[in-house]
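Engineer: Kindly return the folded structure for what I paste below:
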Amino acid sequence: MTIISWIILGLLAGAIAKFLLPGRDPGGFIGTTIIGIAGAFIGGWISARWLDHPITKDFYDGATWAAAIGGSLVLLIAYRIFFGHSRN
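Structural biologist: Just a heads-up that it's a prediction; the model follows:
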């Protein structure tokens, strides 16, 4: 997959993570989108590095999507823990 594919996957993974964890985020839509993109990269890297599932396969690979969404969820939860109290 190319870098553009990972950005698109990250945008979609961020939207899915936001759907799975509704609520107010300190960063709003832009922050959630950036977290989704970063989560897709981190989830893909973890999948390739430690789970022995290379990410160079197809865009529609379920494991790639699960890694991207999982990475986005982890980053979104961490972001809410560290910065969630700053927005009232």
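
Engineer: Check which helix or strand the residue minimising distance to the centre of the chain maps to.
Structural biologist: Averaging the C-alpha coordinates of the chain gives a centre point, and the residue nearest to it by CA atoms, centre = their mean is S72 (2.4 Å). Assigned by DSSP states H and E, S72 belongs to helix 62-83.

Engineer: Point out the other helices and strands that that helix packs with.
Structural biologist: helix 3-20, helix 28-49 (3 or more CB pairs under 8 Å, 6 or more residues apart in numbering; DSSP states H and E). Yep, even glycine has a C-beta here, placed from its N, CA and C like the rest.

Engineer: How far does that helix sit from its chain's centre?
Structural biologist: 5 Å (CA atoms, centre = their mean, to the nearest Å).

Engineer: what angle do that helix and helix 3-20 make?
Structural biologist: Counting by axes from the mean of the first three to the mean of the last three CA atoms, to 10 degrees, helix 62-83 lies at 60 degrees to helix 3-20.

Engineer: pLDDT weak spots in the protein?
Structural biologist: Within the chain, the segments meeting pLDDT under 70 span 1, 25-27, 53-59, 84-88.

Engineer: Buried deepest among the helices and strands packed on helix 62-83, which one?
Structural biologist: helix 28-49 (a mean of 19; mean count of other CB atoms under 10 Å).

Engineer: can you list contacts of it?
Structural biologist: When contacts are defined by CB atoms under 8 Å, 6 or more residues apart in numbering, helix 28-49 is touched by residues 6-7, 9-15, 17-18, 25, 27, 53-55, 63-64, 66-76, 79.

Engineer: Alpha carbons of it, as PDB, please.
Structural biologist: Extracted C-alpha coordinates of helix 28-49, given in PDB (Å, rounded to 0.1, in the frame of the first residue of the first chain):
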ATOM      1  CA  GLY A  28     -12.600  17.900  17.700                       C
ATOM      2  CA  PHE A  29     -12.900  16.400  14.200                       C
ATOM      3  CA  ILE A  30      -9.400  17.500  13.100                       C
ATOM      4  CA  GLY A  31      -7.800  16.000  16.200                       C
ATOM      5  CA  THR A  32      -9.700  12.700  15.800                       C
ATOM      6  CA  THR A  33      -8.700  12.600  12.100                       C
ATOM      7  CA  ILE A  34      -5.000  13.100  12.900                       C
ATOM      8  CA  ILE A  35      -5.300  10.400  15.700                       C
ATOM      9  CA  GLY A  36      -6.900   8.100  13.100                       C
ATOM     10  CA  ILE A  37      -4.000   8.600  10.700                       C
ATOM     11  CA  ALA A  38      -1.400   8.100  13.400                       C
ATOM     12  CA  GLY A  39      -3.200   5.100  14.700                       C
ATOM     13  CA  ALA A  40      -3.300   3.500  11.300                       C
ATOM     14  CA  PHE A  41       0.400   3.900  10.900                       C
ATOM     15  CA  ILE A  42       1.100   2.600  14.400                       C
ATOM     16  CA  GLY A  43      -1.300  -0.300  14.100                       C
ATOM     17  CA  GLY A  44       0.200  -1.300  10.800                       C
ATOM     18  CA  TRP A  45       3.700  -1.100  12.200                       C
ATOM     19  CA  ILE A  46       2.800  -3.200  15.200                       C
ATOM     20  CA  SER A  47       1.100  -5.700  12.900                       C
ATOM     21  CA  ALA A  48       4.100  -6.000  10.700                       C
ATOM     22  CA  ARG A  49       6.700  -5.900  13.400                       C
END
